[in-house]
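the following block contains a protein sequence and its predicted model.
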Amino acid sequence: MSLSLERLRSDGALTPVGLNLAKMNLTREDYETLGFVLGGMHETLKWAIGDYLIEGERRYGEEAYQLQEALGISEESRRQYVRVAEAIPMSRRHSELTWSHHRSVAALEPAEQDEWLRRAQEAGWSKADLDAHRKPENGKTQVVVEEVIRAANEVVDDAKPYPDDEDICLVLTAPIDHLREALGRGESV
């Protein structure tokens, strides 16, 4: 009988609280196959849960939150799964990369996500390798910080006191846009 999740359940090895392989007669090949199955399930489940949560909200609105309690996972985990699944739709996901690779680039614009995921896949990078390659060269952080400071000073310099209330200032949109742009560049650092 080949190794399967059903075999593990019927043999009593796979339970709601763990996997007890001690009494199973597993070959080296069975053991390795189980590793591939469990590893694949681990990655697939993260995507599946994110997609499940998104679809539940689409179909059932606010009621979905009560229904999703059945997952038994924290609200923070649910938010993270949704964030990554929404940021990177199924058509742009790389099956050769882990969910964590995708999470690492989820905050980027889609074109940047695609570029980094493509590079990671072609180079065979681990998630840690991807993160290391995305880190800026020495000095770039300082340049971004200086841009943000310059843009923030522009906002302060251009602020005009409101005529009826000295605690309120009016600011033109251009300095605010420069600050937003500088802060946006800082997100990828």
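Arrived safely.

let me know the average pLDDT across stretch 32-40.
What stretch 32-40 shows for mean pLDDT is 85.

distance from the chain centre to that stretch, please.
From the chain centre to the centre of stretch 32-40 is a distance of 23 Å (CA atoms, centre = their mean, to the nearest Å).

mind checking how far the most centrally placed residue in the chain is from Leu117?
What sits nearest the mean C-alpha location of the chain, by CA atoms, centre = their mean, is Arg103, with 2.5 Å. Applying CB to CB, to the nearest Å, the value for Arg103 to Leu117 is 11 Å. No exception for glycine: its C-beta is placed from N, CA and C like everyone else's.

ok so, going back, skipping adjacent residues, who's closest to the residue nearest to the centre of the chain in space?
Spatial nearest neighbour of Arg103, chain neighbours left out: Val84 (4.9 Å); criterion: CB to CB, 6 or more residues apart in numbering.

check contacts around that neighbour.
By CB atoms under 8 Å, 6 or more residues apart in numbering, the contact set of Val84 is 46, 50, 99, 102-103, 106.

with pLDDT and distance to Gln80 added, can I get those residues in CSV?
Converted to CSV, the contacts of Val84 look like this (pLDDT from 0 to 100; distance: CB to CB, whole Å):
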residue, pLDDT, distance to Gln80
Lys46, 93, 9
Gly50, 94, 8
Trp99, 94, 10
His102, 96, 11
Arg103, 94, 7
Ala106, 93, 9
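
and the lengthiest helix in the chain, what's buried?
Scanning the chain for the helix with the most residues, using DSSP state H, yields helix 28-60. Using 16 or more other CB atoms under 10 Å as the test for burial, helix 28-60 gives 34, 43, 46-47, 49-54, 56-57.

for that helix, name the packing helices and strands.
With contacts defined as 3 or more CB pairs under 8 Å, 6 or more residues apart in numbering; DSSP states H and E, the packing partners of helix 28-60 are helix 63-67, helix 75-87, helix 99-105.

and those helices as JSON lines, adding distance to Gln113?
Converted to JSON lines, those look like this (distance: least, CB to CB, whole Å):
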{"stretch": "helix 63-67", "distance to Gln113": "26"}
{"stretch": "helix 75-87", "distance to Gln113": "7"}
{"stretch": "helix 99-105", "distance to Gln113": "5"}
